[in-house]
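1. Give me a 3D structure for the following:
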Amino acid sequence: MEEFILFVMSFLTVLIIYEVIISIKIKKKQDLLEVRYLTSVYNLDLKKINKKRLMHICAIVSSLDISIAVSLISLLNGLVEVIIGTIVIVAVLIYFSYYLVYFIYAKKGMIKDGKHKKNRK
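-> Numbering: from 1, shown residues only. Model (predicted):
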């Protein structure tokens, strides 16, 4: 039960922080780092995508990633386990969660040229 409370509290805290950052970025007409990552690596077409919605999706995805990582890392005991677990868990979560975002947008046809940059020759 403590892990669930930790998950919910970390999710809400990170989500609120992200939403504040998003409101500042929207006023300054800037993009989140996650949006720049998605457009550069997965070649998302920002002309076809609602940028505000994408920023909110990135906020939710990042909040989930951080919350899951915090919950899983809290289960580890040793210092070495925590350090290695943090690196592995965060890297895997970020990669797969943003790949999932790309996959959903690719299914909707919101990718430039229909491919992402890793598959190009």
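
2. Lys47 looks like it's in a strand, true?
-> No: per DSSP: H, G, I helix; E, B strand; the rest coil, Lys47 lies outside any strand segment and is coil.

3. Other residues contacting stretch 77-90?
-> Identification of contacts with stretch 77-90 by CB atoms under 8 Å, 6 or more residues apart in numbering yields Asp65, Ile68, Ala69, Leu72, Ile73, Leu76. For the C-beta atoms, the positions are set from N, CA and C on the backbone; glycine is no exception.

4. Distance-wise, check Ala7 relative to Ala69.
-> Residue 7: Phe, not Ala. 10 Å (CB to CB, to the nearest Å).

5. before we move on, the earlier item: going through the contacts of stretch 77-90, which ones are buried?
-> Among these, those classed as buried by 16 or more other CB atoms under 10 Å are Asp65, Ile68, Ala69, Leu72.

6. show me what contacts the first one?
-> The contact partners of Asp65, taken as CB under 8 Å, 6+ apart, are Val90, Leu93, Ile94, Ser97.

7. Now do the closest residue to Leu15 other than its chain neighbours, the pLDDT please.
-> Once flanking residues are discounted, Leu15 sits nearest to Ser63: 4.2 Å by CB to CB, 6 or more residues apart in numbering. Reported pLDDT at Ser63 in the predicted model: 95.

8. residues touching Ser63, list them.
-> Phe11, Val14, Leu15, Tyr18.

9. residue contacts, the residue positioned nearest the centre of the chain?
-> The chain has Ser62 as the residue nearest its centroid, 3.6 Å off, counting by CA atoms, centre = their mean. The contact partners of Ser62, taken as CB under 8 Å, 6+ apart, are Val14, Tyr18, Glu34.
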